[in-house]
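**Q** The sequence isn't on hand, but the structure is:
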């Protein structure tokens with residue numbers, strides 16, 4: 001049986017933090033911090049019961065922070081080149097280390113992470129962590145690497161802007177100019193010579209809107225040569241070897257998949273080489289790529305990625321449909337654009353980069369996302385991902401500090417989520433609306449793997465013969481063996497009564513005959529007697545911001 005991955009993203013530092021109240025720009029002492037040990041067997045059991053198959057622990061690898069851990073032998077970071085008090089989990093300070101913020105006993109931080117991996121596996125789920133290949137923190141220095149490993153930049157020739165033997169790009173002869181960075185009252189930061197900034201900013205003067213806290217890694221691509229860009233992949237660049245060794249190190253810890261940050265900013269040739277090495281040693285390991293250019297999707301799948309973010313595609317489309325900026329029928333055009341690779345596309349409605357569905361900047365109400373959840377989780381064999389707190393209607397409307405009031409949950413500040421605290425750590429205080437929403441998420445996500453037709457059945461889009469649905473409803477079939485499921489998602493704020501036609505072509509394509517059948521709605525448990533025939537439509541009543549999913553056995 002092929003499992004449909006259902007991924008639950010945990011922003012580890014924030015998820016497990018139960019501290020109340022919270023102070024804007026607060027330190028770890030002010031606001032507290034979630035620990036790996038807080039995600040215990042009971043928490044993992046609740047996540048599993050929601051239908052989750054994989055847990056993505058975001059922010060595990062040690063990154064730059066303003067919190068001082070020097071007494072544990074961990075180098076201090078300069079606040080000027082750290083975003084927020086807690087720092088970005090994507091400004092890696094040591095690829096071989098676990099973030100000390102997450103440990104109860106800092107000296108045992110790797111052991112505490114390994115125990116979490118074991119607990120997750122014992123709960124019946126797989127483990128995903130981030131691999132951040134494009135950039136590192138400005139003050140990157142590994143204190144946890146094996147003795148035989150040379151540190152990044154340790155053997156670089158800093159007098160060259162580019163060399164395929166270097167790990168970084170340099171603005172040789174120039175110091176880093178920090179005059180455009182946000183003002184910081186702490187000690188000044190000196191970098192000589194300046195390194196290129198992570199968002200492909202190759203001069204020595206990054207601005208406040210750049211990824212100024214990071215430096216770009218060199219994979220053998222010269223971005224500033226006379227021709228504009230040239231590749232130097234033979235012999236294998238030193239960075240390729242170092243980064244593939246880091247992947248193998250974490251795979252040896254029992255990691256089941258890597259979510260690869262900004263994968264398209266790293267050449268596909270590296271991924272082809274590195275994924276092959278990792279999968280040879282650990283065949284079960286999967287790679288999930290953050291790729292935003294649809295023109296590059298197939299290139300990165302060929303390079304070894306099992307799944308790619310479908311942000312520019314299905315996420316943007318579903319968001320617009322939820323917000324009534326596009327018709328529901330546009331979903332058809334979107335999946336058709338990637339029909340040949342649809343099983344490789346990872347669908348989601350939220351993650352740490354995007355605004356919360358329930359925020360004032362998106363839908364303003366978590367219930368409006370239910371039809372999009374039904375479509376994204378049930379439409380095909382694509383994996384689905386949800387973000388911690390999404391199932392409780394977390395709004396992300398806090399002004400946490402470095403992260404302002406933007407409808408997102410901060411990745412830069414020490415913070416906690418009231419909805420998650422109630423949902424996992426203090427259920428007695430959970431609000432009725434949160435409890436009901438969680439139940440609906442669990443209903444949809446558990447069905448995604450429990451129902452054969454939703455897990456691995458054939459998908460058939462019904463929109464081309466149901467133009468009456470085009471604006472606010474989306475209808476499709478899933479079929480596996482004799483099991484047929486008719487799904488209608490209603491993106492309207494009003495209940496709708498409609499007739500859904502199944503064309504003759506569907507009967508031929510899905511190899512089924514019509515007739516009178518008993519059907520049960522997967523979402524309500526209601527039963528109905530239906531006449532399934534190309535000659536007449538099936539009457540369907542769908543509540544506002546909801547769906548109908550008639551399951552039936554058919555010959």
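**A** Yep, that arrived. Since we're looking at a predicted model, the values are computed, not measured.
**Q** which residues in the stretch 451-555 of the chain form helices?
**A** For the stretch 451-555 of the chain, the helices defined by DSSP state H, counting those that start in this stretch cover 452-456, 504-509.
**Q** Tell me which of those is the most buried.
**A** helix 452-456 (a mean of 20; mean count of other C-beta atoms under 10 Å). For glycine as for every other residue, the C-beta is placed from the backbone atoms N, C-alpha and C.
**Q** List the neighbouring strands of the least confident helix or strand in the chain by mean pLDDT plus their orientation.
**A** Within the chain, no helix or strand scores below strand 230-231, which has a mean of 94 by mean pLDDT, DSSP states H and E. Strand 230-231 sits in its sheet next to strand 221-222 (antiparallel), going by DSSP bridges.
**Q** And the contacts of the strand it pairs with?
**A** The contact list for strand 221-222 (C-beta atoms under 8 Å, 6 or more residues apart in numbering) reads 162, 229, 230, 231, 232, 267.
**Q** Okay, the closest residue in space to residue 340 that isn't next to it in sequence and residue 221: tell me how far apart.
**A** Nearest residue to residue 340 in three dimensions, chain neighbours excluded: residue 298, at 7.9 Å (C-beta to C-beta, 6 or more residues apart in numbering). As judged by C-beta to C-beta, to the nearest Å, residue 298 and residue 221 stand 20 Å apart.
**Q** list the contacts for the residue nearest the centre of the chain?
**A** Closest to where the C-alpha atoms of the chain average out (C-alpha atoms, centre = their mean) is residue 351, at 5.2 Å. Counting by C-beta under 8 Å, 6+ apart, residue 351 touches 9, 385, 387.
**Q** any low-confidence regions in this protein?
**A** The model of the chain has pLDDT under 70 over residues 1, 184-185, 226.
**Q** For the stretch 101-250 of the chain, which segments are assigned as helices?
**A** Using DSSP H, counting those that start in this stretch, helices in the stretch 101-250 of the chain cover 109-122, 238-251.
**Q** For the residue nearest to residue 340, the count of nearby residues, please.
**A** The number of residues packed near residue 298 is 14, by other C-beta atoms under 10 Å.
**Q** now residue 399
**A** The burial count for residue 399: 12, using other C-beta under 10 Å.
**Q** which SSE is it in?
**A** Of the helices and strands defined by DSSP states H and E, none includes residue 399.
**Q** what's the nearest residue to it if we skip its chain neighbours?
**A** Using C-beta to C-beta, 6+ apart, the closest residue to residue 399 is residue 405 (4.3 Å).
**Q** what's the closest of the contacts of strand 221-222 to residue 515?
**A** Top of the list for closeness to residue 515, among the contacts of strand 221-222 and by C-beta to C-beta, is residue 267 at 55.5 Å.
**Q** Please list all residues in contact with the closest one.
**A** 219, 220, 221, 231, 233.
**Q** that older thread, just put the contacts of residue 351 in a markdown table and tack on secondary structure and neighbour count.
**A** Compiled in a markdown table, the contacts of residue 351 are given as follows (DSSP: H, G, I helix; E, B strand; the rest coil; neighbours: other C-beta atoms under 10 Å):
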| residue | secondary structure | neighbour count |
| --- | --- | --- |
| 9 | strand | 23 |
| 385 | strand | 26 |
| 387 | strand | 26 |
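**Q** Including distance to residue 444, could those go into CSV?
**A** Output for the contacts of residue 351, formatted as CSV (distance: C-beta to C-beta, whole Å):
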residue, distance to residue 444
9, 17
385, 13
387, 15
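**Q** How many neighbouring residues does the nearest residue to residue 196 once chain neighbours are set aside have?
**A** The shortest distance from residue 196 to any residue other than its chain neighbours is 3.7 Å, reached at residue 169 (C-beta to C-beta, 6+ apart). Neighbour count of residue 169, defined by other C-beta under 10 Å: 25.
**Q** Residue 169 against residue 202, yeah?
**A** Yes: here residue 169 reaches residue 202: they are 6.4 Å apart, a contact under C-beta atoms under 8 Å.
**Q** tell me, what's touching those two both at once?
**A** In contact with both residue 169 and residue 202: 196, 216, 223, using C-beta under 8 Å, 6+ apart.
**Q** What ranges does the stretch 401-550 of the chain have for its strands?
**A** 458-461, 473-480, 483-490, 496-500, 515-521, 527-532, 538-542, 546-553 (DSSP state E, counting those that start in this stretch).
**Q** Please disregard the earlier target; I meant the stretch 1-150 of the chain.
**A** Under DSSP E, counting those that start in this stretch, the stretch 1-150 of the chain gives strands at 6-11, 54-58, 61-63, 92-98, 126-131, 135-137.
**Q** And those strands: which comes nearest residue 29?
**A** strand 61-63 (19.0 Å).
**Q** which outside residues touch the closest one?
**A** 74, 87-95, 97-100, 129-130, 132, 137, 144.
**Q** which of the residues you listed are buried?
**A** Buried subset of the contacts of strand 61-63 (neighbour count, 16 or more other C-beta atoms under 10 Å): 74, 87-95, 97-100, 129-130, 132, 137, 144.
**Q** Just the element for residue 370, please.
**A** helix 370-378.
**Q** tell me the contacts of residue 475?
**A** Applying C-beta under 8 Å, 6+ apart, the residues near residue 475 are 462, 463, 466, 469, 486, 487, 488, 489, 500.
**Q** Verify the contact between the fourth one and residue 461 for me.
**A** Think residue 469. No: in this structure, residue 469 is not within contact of residue 461 by C-beta under 8 Å, at 11.2 Å.
**Q** Mean neighbour count, the helices of the stretch 101-250 of the chain: which tops it?
**A** helix 238-251 (a mean of 19).
**Q** What's the first helix or strand after it?
**A** Following helix 238-251 in sequence, per DSSP H and E, is strand 257-260.
**Q** Quick check: buried residues in the helix or strand following that next one?
**A** Next along the chain after strand 257-260, taking DSSP H and E as the criterion, comes helix 268-281. Buried residues in helix 268-281, defined by neighbour count with 16+ other C-beta under 10 Å: 268, 269, 270, 271, 273, 274, 275, 277, 278, 279.
**Q** re the thing from before, quick check: which of the helices of the stretch 101-250 of the chain is nearest to residue 394?
**A** That would be helix 109-122 among the helices of the stretch 101-250 of the chain, by C-beta to C-beta, at 21.9 Å.
**Q** if we look at the closest one, which residues are touching it?
**A** Taking C-beta under 8 Å, 6+ apart as the rule, helix 109-122 contacts 35-37, 39-41, 44, 55, 57, 60, 97-100, 102-105, 126-127, 144, 253-255.
**Q** Buried among the residues you listed? Need that as a selection in PyMOL.
**A** Per 16+ other C-beta under 10 Å, the buried members of the contacts of helix 109-122 correspond to this PyMOL selection:
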select buried, resi 35+36+37+39+44+55+57+60+97+98+99+100+102+103+126+127+144+255
